[in-house]
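1. Here's my sequence, what's the structure:
(chains A and B)
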Amino acid sequence: GEDVEQSLFLSVREGDSSVINCTYTDSSSTYLYWYKQEPGAGLQLLTYIFSNMDMKQDQRLTVLLNKKDKHLSLRIADTQTGDSAIYFCAEIGQKLVFGTGTRLLVSP
Amino acid sequence: DVKVTQSSRYLVKRTGEKVFLECVQDMDHENMFWYRQDPGLGLRLIYFSYDVKMKEKGDIPEGYSVSREKKERFSLILESASTNQTSMYLCASSPDRISSGANVLTFGAGSRLTVL
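-> Numbering: from 1, shown residues only, chains lettered A, B, ... in the order given. Predicted structure coming up:
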């Protein structure tokens, strides 16, 4: 079945870049998503990428997709303390499957 | 500006009690979903609904049921709560079916349930 894996934790200093990685197994995935969950809140869509794209940039966010290796990454430039949250990747192929989530901690 | 509202943010229940978790959306979305979120496991789909009075099992429906009597309201029911149902429950809605294109889910803030 489909499986989406992420590392559980990432710690960075304010001003550094953060890179959150995700691997998935469904080769029929059409869209891949990044959601952000702030403390005490639900998930909010950050960005998404269509499977025929390699890269998408949106202000401080850069999404890279390596379809051959089934690897998705989210780079946050100039990370701020307000970026501290849990980040979920998700892919939609036969169905929508969420990753395990990566908790990003940004220290001053 | 709240779009998906989960009425109970925190609940504490005892084993065997019946539990209702309510979710209301004001975006006229056809589709509504219930997930549970557990550390290290991500989000797992419990049930979903594509229309009023319609429901479909997700990946982990055992021990749960749902009700969709009105388009805007989707309730999750635990007939007899057990300690392994202690979790964060997230409701979501979307205008499109999961299987179609760039589907975007709008989530509620979550209901944290503790079963003692």
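2. Do stretch A:54-72 and chain B come into contact?
-> No - figure legend: stretch A:54-72 not in contact with chain B (C-beta under 8 Å from any C-beta of the partner chain); closest approach 12.0 Å. Just so you know, the C-beta spots here come from the backbone N, C-alpha and C atoms, and that holds for glycine as well.
3. again but with stretch A:81-97, I slipped
-> Yes - using C-beta under 8 Å from any C-beta, stretch A:81-97 reaches chain B at A:88, A:92, A:94-96.
4. And for the closest residue to chain B within chain A, the neighbour number?
-> Closest residue of chain A to chain B, C-beta to the nearest C-beta: A:Gly42 (3.2 Å). Neighbour count for A:Gly42, taken as other C-beta atoms under 10 Å in any protein chain shown: 21.
5. any low-confidence regions in chain A?
-> Applying pLDDT under 70 to chain A flags the ranges A:1-2.
6. rerun that using 80 as the cut-off
-> Where chain A drops to pLDDT under 80, the residues are A:1-2, A:27-29, A:93-95.
7. ok, what's across the strand from the residue positioned nearest the centre of chain B?
-> By C-alpha atoms, centre = their mean, the mean C-alpha position of chain B lies nearest to B:Trp34, the distance being 2.5 Å. Beta-bridge pairing for B:Trp34 (DSSP bridges): B:Tyr47, B:Cys91.
8. ok, the closest residue to chain A within chain B to B:Lys18 distance?
-> Chain A sits closest to B:Phe107 of chain B, with a gap of 3.2 Å, by C-beta to the nearest C-beta. Using C-beta to C-beta, to the nearest Å, B:Phe107 is found at 25 Å from B:Lys18.
9. Done for today, thanks.
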